[in-house]
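A.B. asks: show me the folded form of this:
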Amino acid sequence: MITVVARYRVSEGSEDLVATVLAKHVAATRLEPGCLRFIAYRSRTSPRQFLLYEQYTDEEALASHRETPHFREYIEGTVVPVLDERVFDFYDEVGEP
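C.D. replies: Below is the predicted model of the structure:
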């Protein structure tokens with residue numbers, strides 16, 4: 001299993017657009033084979049901040065996710081152009097066999 005945590009800070013005025021697009025992206029991603037969990041959060045104290053928590057069965061499932069039409073449309077086509085900051089990291093569960 002691989003876990004991805006991504007943090008986005010969107011440009012001012014893009015907050016609601018990104019929230020709407022991420023909701024669509026979450027729904028589509030959860031239907032992918034190999035996706036175990038996909039949750040998007042919006043900060044209550046800083047509405048321009050978003051956090052995505054993703055879990056996939058393996059590296060192949062993550063790579064497949066990044067090739068889907070919805071990833072290209074929603075993330076690359078809509079979200080990325082309005083980002084001020086994008087930080088993400090990959091995690092392995094401690095103690096996982």
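
A.B. asks: how near is Leu62 to Glu32?
C.D. replies: 10 Å (CB to CB, to the nearest Å). Heads up, the C-betas are built off the backbone N, CA and C, glycines and all.

A.B. asks: check Arg44 too.
C.D. replies: For Arg44 relative to Glu32 (CB to CB), the value is 28 Å.

A.B. asks: isn't Phe71 right up against Leu22?
C.D. replies: No - using CB atoms under 8 Å as the test, Phe71 is too far from Leu22 to be in contact (11.8 Å).

A.B. asks: the two: which is more packed in?
C.D. replies: Per other CB atoms under 10 Å, whichever of Phe71 and Leu22 has more neighbours is Leu22, with 21 against 18.

A.B. asks: and the pLDDT for the residue nearest the centre of the chain?
C.D. replies: The chain has Leu52 as the residue nearest its centroid, 4.5 Å off, counting by CA atoms, centre = their mean. On pLDDT, Leu52 comes in at 98.

A.B. asks: same question for the one 4 residues further on.
C.D. replies: The score at Tyr56 is 98. That number is its pLDDT.
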